[in-house]
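Novice: Predicted model, plus sequence, below.
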Amino acid sequence: MIRRNTVSILLTIALCQGALAFRAAADDTSALTVHLDGVTGDGPVYIGLYDSAETFLDDSASAYQLRVAAGVTEVELPDFAAGLYAFAAYEDRNGNAELDTGLFGAPSEPYAFSKNARPMFGVPKFSACALMLAPGDSVTLKLR
């Protein structure tokens, strides 16, 4: 009888520990720090964070959309979960909430993509910008 109770207690403890470990893994989120390099302070910075090639640069599908006050050079994304992500950002110098472009569609306001992706023509692909990130990581976006 004592052996059965001991085995039963040990089994219950093992199951509880497994459940707690599973819950901790499921709740494995924390803030992700984004450093903004090259901000002039002339306008707010808009940051989009995308989790797939299908939604890349689609503002309606962005995982996070942030408007950062002029002059701010670091932000934290709360409740960030691990995964593959790509960033796009721009500094809105004229306050129209759009990335303005000049001749031939080249950006006329500072912009950045994760991994400093800079294609010759057009915008980079998700795969060129994608980073595997974990909670607690940090990313630097260099606006040009």
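Specialist: That came through, no problem.
Novice: residue ranges for the strands of the chain, please.
Specialist: Taking DSSP state E as the test, the strands found in the chain are 29-37, 45-50, 64-68, 74-81, 83-91, 111-113, 131-133, 138-142.
Novice: Given the fourth one, what are its sheet partners and their directions?
Specialist: Using DSSP bridges, the neighbouring strands of strand 74-81 in the sheet come out as strand 29-37 (antiparallel).
Novice: Off-centre distance for the strand it pairs with?
Specialist: When distances are taken as CA atoms, centre = their mean, to the nearest Å, strand 29-37 is centred 7 Å away from the chain's centroid.
Novice: With stretch 112-128 instead?
Specialist: Using CA atoms, centre = their mean, the offset of stretch 112-128 from its chain centre is 16 Å.
Novice: repeat for stretch 102-121
Specialist: Worked out by CA atoms, centre = their mean, stretch 102-121 lies 19 Å from the chain centre.
Novice: Convert the C-alpha atoms of it to CSV, please.
Specialist: As requested, the backbone C-alpha atoms of stretch 102-121 are provided in CSV (Å, rounded to 0.1, in the frame of the first residue of the first chain):
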residue,chain,number,x,y,z
GLY,A,102,10.8,60.7,-55.5
LEU,A,103,11.6,60.1,-59.1
PHE,A,104,11.3,56.4,-60.2
GLY,A,105,9.7,55.5,-56.8
ALA,A,106,12.9,55.9,-54.7
PRO,A,107,12.1,56.8,-51.1
SER,A,108,12.7,60.5,-50.3
GLU,A,109,12.4,59.9,-46.5
PRO,A,110,14.7,57.8,-44.3
TYR,A,111,13.8,54.1,-44.3
ALA,A,112,15.1,50.8,-43.1
PHE,A,113,14.6,47.0,-43.4
SER,A,114,15.8,44.4,-41.0
LYS,A,115,19.2,42.9,-41.8
ASN,A,116,19.9,46.2,-43.6
ALA,A,117,18.4,44.8,-46.8
ARG,A,118,18.8,47.2,-49.7
PRO,A,119,17.8,45.9,-53.1
MET,A,120,18.9,47.7,-56.2
PHE,A,121,15.3,48.2,-57.4
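Novice: Many thanks, I have nothing further to ask.
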